[in-house]
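*Asks:* Quick one: sequence plus predicted model below, questions after.
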Amino acid sequence: QQQVKQSPQSLIVQKGGISIINCAYENTAFDYFPWYQQFPGKGPALLIAIRPDVSEKKEGRFTISFNKSAKQFSLHIMDSQPGDSATYFCAASITGGGNKLTFGTGTQLKVEL
Amino acid sequence: GAVVSQHPSRVICKSGTSVKIECRSLDFQATTMFWYRQFPKQSLMLMATSNEGSKATYEQGVEKDKFLINHASLTLSTLTVTSAHPEDSSFYICSARGTTYGYTFGSGTRLTVV
């Protein structure tokens, strides 16, 4: 049972544009929602994370929007750069629930010049 | 910030041999460590969760006798792939979680079994 659905599978954005990746979850007990960036041959690196008590969090060019009632959250990358080309994963976990992260299926982002 | 060191980054071994992968938390105590497997262009698949001093908890379908996990200290966890076969070839990633930091991932190990 896939508990976190991620879309799109791949995304091409022009340099300077906005990249938007969406995730939807099923388990209402999830209370931690991170986004990870992964380059080929490397482990994932935390970009930004949010908890359900806020609807938006911004760190530099990266913003998470969170809609608790819709059970959806999204990552917005403003002013996308070629160096942002990577695979992005959303994830969710339950604090104290074994702390396991449930990952989305990933989005391959390519930022073109 | 939290740093997790994973070694080796790449390993090639012969079929039937065993391979050990190390995962160390360098600047924090990892109360829980996770081991993942990732196939090309796919998401991370959790293999097992280990708490320091306890036996690992394996996900359904993961052979615990094949993938031995040891979490003997708060800074070190190891994954040993025993009697490796070509189908075990994959990208293995560890993650550590402490009391202060969230989840920090290692840089991964590319295992190739020939």
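*Replies:* Happy to help now that I have it. Keep in mind that this is a model prediction, so the values were computed, not measured. Residues are numbered from 1 along each chain as shown, chains lettered A, B, ... in the order given.
*Asks:* Low-confidence stretches in the chain?
*Replies:* No chain specified, so I'll use chain A. For chain A, the stretches flagged by pLDDT under 70 are A:1-2, A:96-98.
*Asks:* The chain in question should be chain B.
*Replies:* B:100-101.
*Asks:* Near the residue of chain B found nearest chain A, how many other residues are there?
*Replies:* Scanning chain B for the residue nearest chain A gives B:Phe105, at 3.8 Å (criterion: CB to the nearest CB). For the C-beta atoms, the positions are set from N, CA and C on the backbone; glycine is no exception. The local packing of B:Phe105 (other CB atoms under 10 Å in any protein chain shown) involves 24 other residues.
*Asks:* Can you name the residues bridging to it?
*Replies:* B:Ser95 (DSSP bridges).
*Asks:* Distance of it relative to B:Leu76?
*Replies:* Distance of B:Phe105 to B:Leu76, given as CB to CB, to the nearest Å: 16 Å.
*Asks:* Output stretch B:17-32 in CSV with nothing but the alpha carbons.
*Replies:* Provided in CSV are the C-alpha atoms of stretch B:17-32 (Å, rounded to 0.1, in the frame of the first residue of the first chain):
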residue,chain,number,x,y,z
THR,B,17,31.0,-13.9,-0.9
SER,B,18,29.9,-11.5,1.8
VAL,B,19,30.1,-7.7,1.9
LYS,B,20,30.0,-5.4,4.9
ILE,B,21,28.8,-1.8,4.6
GLU,B,22,29.4,0.6,7.4
CYS,B,23,27.4,3.6,8.5
ARG,B,24,28.7,6.1,11.0
SER,B,25,27.2,9.1,12.6
LEU,B,26,30.1,11.5,13.0
ASP,B,27,28.8,14.3,15.2
PHE,B,28,25.7,13.0,16.9
GLN,B,29,24.4,9.9,18.6
ALA,B,30,22.1,7.9,16.3
THR,B,31,19.5,6.2,18.4
THR,B,32,17.9,4.7,15.3
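*Asks:* Determine the number of other residues adjacent to the residue in chain A that chain B sits nearest to.
*Replies:* In chain A, the residue that lies nearest chain B is A:Gly43 (3.8 Å; CB to the nearest CB). By the criterion of other CB under 10 Å, A:Gly43 has 23 neighbours.
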